[in-house]
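> Sequence first, predicted coordinates after that:
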Amino acid sequence: MSSPTLEDRFAGCLLGLAVGDALGARFEGRSPEGIAQQYLQPRDLSEHPPFGELWYTDDTQMMIGVCETLIACGEINYPELCRRFAENYELHRGYGRSTQLILEAIRDGHDHRMLAEELLPGGSFGNGAAMRVAPVGLAFRGDLAKAAEQARKSAQPTHLHRLGIEGAELLAAAVALASCTERFDRDSFFEQLQAVAPSLEYAGPLGRARGLTERRDLVLFGNGIAATDSVGTAIASFARTPDNYSETIGSVILLGGDTDTMAAMAGAISRAYLGRAAIPEKLLDALEDGPKGRRYLETLALQMCRRFSHRSNE
Ligand code: F2R
Ligand code: MG
Ligand code: MG
């Protein structure tokens, strides 16, 4: 099989994130035992998805804001990013509490910088900065140091805790590497990621992910809303089944907990590697297609590709 074009990878990444988010959202907060009563194998979720249109959540809505900023400015520009986040914000998408308050403060013209410091001790270590950062990885895929620096900037409005920020750096690097990869090399992938996230909280899971073979061991990586309980899980799931998007997102959804976000992150990495072509049609067709739905994501991917293709290191 020929490798995907760059355009294919960009579209795959954005759509792979949105589909993972929207499918995972149907199971958010549920226990693995409860999900197992309906779905036994990861692929079952793609083959027999829940009935009806699949609606994305805050993960995709914020990722759209990151994309729009990158397309408009060529890099992360703080005021533009805040403006896009607030403009796109819809409460019913299901935001984290602190992120919700910050976005409402931006929207209402209040001083929000203090909020990010004060609402949670030491700033947020939630996975909200990592769940939206994939476009940064695409844009700066040829330069991991730049991707990490831009990921830090993209976290700034809402996530000031070092673990929230480091989770975003790691996820951006994983997308960057996947989008440049012709044939997945596990050792090289993890060696490069380990250089990006040296702190113990991430180094441990990355070390375990490198040797992961059994799906049942994914449970050791966590399924929670903290970046340290979900970013490693998404990366581990991708690296276990790099050639199979349905298996990669299905495996994290079967863990229960923060299913939308784990599937969004895992789906973004998977499709940055595999491209758009093999996202199951059933899932793609079910993804919402309103004003900022499926076709808008395809347009964003095209614009991103035009804006950033010269940075390719392929
Ligand atoms: N919030 C949700 N889902 C909840 C259910 C929504 C429901 N369906 C509805 O109908 O409303 N999902 C989204 O939130 C996660 C991303 O969150 P983000 O952006 O990181 O938010 P925040 O507010 O910064 O942090 C989330 C929680 O993490 C804990 N936390 C973070 N830092 C902390 C600290 N320093 N000390 C203590 N706790 C900390 C807090 O409980 C925060 O509320 C994604 O899952 C996304 O899908
Ligand atoms: Mg969500
Ligand atoms: Mg979530």
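Thanks, I have the structure now. Numbering: from 1, shown residues only. Ligands and ions are numbered 1, 2, ... in the order given.

> alpha carbons only for contacts and neighbour counts from here, please
Noted.

> what residues does the stretch 201-314 of the chain put near ligand 1?
Ile225, Ala226, Asp258, Asp260, Thr261 (C-alpha under 6 Å from any ligand atom).

> Most widely separated two among those?
Maximum pairwise distance among these (C-alpha to C-alpha): 13.4 Å, between Ala226 and Asp260.

> Who has more neighbours out of the two?
A direct count of neighbours by other C-alpha atoms under 10 Å for Ala226 and Asp260 places Asp260 higher, at 31 against 18.

> Tell me the backbone dihedrals of that one, please.
Taking degrees, to the nearest 10, you get phi -60, psi -40 for the backbone angles of Asp260.

> The residue in the stretch 201-314 of the chain that ligand 3 sits nearest to: what's it in contact with?
Across the stretch 201-314 of the chain, no residue is closer to ligand 3 than Thr261, which sits at 4.1 Å (C-alpha to the ion). Counting by C-alpha atoms under 8 Å, 6 or more residues apart in numbering, Thr261 touches Gly20, Asp21, Gly24, Asp59, Asn127, Met131, Ser230.

> could you dump the residues you listed to TSV with secondary structure and pLDDT?
What follows is those, written out as TSV (DSSP: H, G, I helix; E, B strand; the rest coil; pLDDT from 0 to 100):
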residue	secondary structure	pLDDT
Gly20	helix	98
Asp21	helix	98
Gly24	helix	98
Asp59	helix	98
Asn127	coil	98
Met131	helix	98
Ser230	coil	98
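
> contacts with ligand 2 among these, please.
Residues of the contacts of Thr261 in contact with ligand 2 (C-alpha under 5 Å from the ion): Asp59.

> need the contacts of Thr261 in JSON lines with distance to Glu33 and neighbour count, can you?
As requested, those are exported to JSON lines (distance: C-alpha to C-alpha, whole Å; neighbours: other C-alpha atoms under 10 Å):
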{"residue": "Gly20", "distance to Glu33": "20", "neighbour count": "33"}
{"residue": "Asp21", "distance to Glu33": "20", "neighbour count": "33"}
{"residue": "Gly24", "distance to Glu33": "15", "neighbour count": "30"}
{"residue": "Asp59", "distance to Glu33": "25", "neighbour count": "27"}
{"residue": "Asn127", "distance to Glu33": "24", "neighbour count": "28"}
{"residue": "Met131", "distance to Glu33": "25", "neighbour count": "30"}
{"residue": "Ser230", "distance to Glu33": "19", "neighbour count": "29"}
